[in-house]
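Asker: here is my input; please provide its structure:
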Amino acid sequence: MPAVPALIRVGHKGADAIVRGNTAASFDAALAAGVDMIEFDVLAERPDGSGELLVAHDYGIVRRYGAPTLAAALAHLASPRFAAVRLQVDLKRSGYERGVIGALDAAGLAERSFVSTGELGALARVRALAPELRLGWTVPDVGGVCSRPLLSQTAGRVFRRALIRRAAERLAAREIDALVPQWPLVDGALVEAVRGAGAELYAWTVDDAAQIARLAALGVTGVITNDPRLFATLS
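Answerer: Numbering: from 1, shown residues only. Modelled structure (predicted):
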């Protein structure tokens, strides 16, 4: 297992601000920018969870650009030049958990991967099928509360308090090993609660150098960005 740096630098979809994400070229760009981890998305070919597993964020992207298969992406990431890079495998839906686990095992990448999703049912199924895989709970789920412009400061505080409680419960029950919150949710109390439980916290998706510096100062485990060149500003 690669050594863990003070701040884990995570490339979102590889390096989506440099090269279109969820592609081999984007993974290469992330590697060139010096990431410690690459995040990428996985969808089933069909919404019911059947068909080939694809590396894509949504079906609109698949229709417009196509998508590599998960097997092809993992073969690329299994090359020796990526040996020091961890992987965050983000499930956009549920129903294809067994296929993802099998693909990671077949590629020999399960040990340096963790699976994240906002789908609690998917997390439970992965835990039951592969207890050794690390799991991250993504909050809020796609289209969640933080993306809404009308979220008030009061509502934000209430949401954060509830999140701390729910995350603590799931960590204590070994349902998850990491919390993956949208960056506006992250404050000192959340970081203290998660890190105090011996778990990891990855903030997404941060494309501003000042915000990356703020989150690093708070003590988050890692920051997920579309532009991993921004991590150079921390040096």
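
Asker: now the helix or strand of the chain with the lowest mean pLDDT, how far from the centre of its chain.
Answerer: Least confident helix or strand, the chain: helix 153-172 with a mean of 87, by mean pLDDT, DSSP states H and E. Distance, stretch centre to chain centre, for helix 153-172: 19 Å (CA atoms, centre = their mean, to the nearest Å).

Asker: buried sites along that helix?
Answerer: Residues 159-160, 163-164, 167-168, 170-171 are the ones in helix 153-172 that count as buried (16 or more other CB atoms under 10 Å). (Glycine included, C-beta is placed from N, CA and C.)

Asker: check stretch 68-78 too.
Answerer: For stretch 68-78, by 16+ other CB under 10 Å, it's 68, 70-71, 73-77.

Asker: and that stretch, average pLDDT?
Answerer: For stretch 68-78, mean pLDDT rounds to 98.

Asker: picking up where we left off before, so can I have JSON lines of the buried residues of helix 153-172 showing distance to V223?
Answerer: Formatted as JSON lines, the buried residues of helix 153-172 follow (distance: CB to CB, whole Å):
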{"residue": "F159", "distance to V223": "20"}
{"residue": "R160", "distance to V223": "18"}
{"residue": "L163", "distance to V223": "18"}
{"residue": "I164", "distance to V223": "20"}
{"residue": "A167", "distance to V223": "18"}
{"residue": "A168", "distance to V223": "22"}
{"residue": "R170", "distance to V223": "22"}
{"residue": "L171", "distance to V223": "20"}
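
Asker: just give me the closest of those residues to A209.
Answerer: Using CB to CB, R160 is the member of these that sits closest to A209, with 23.9 Å.
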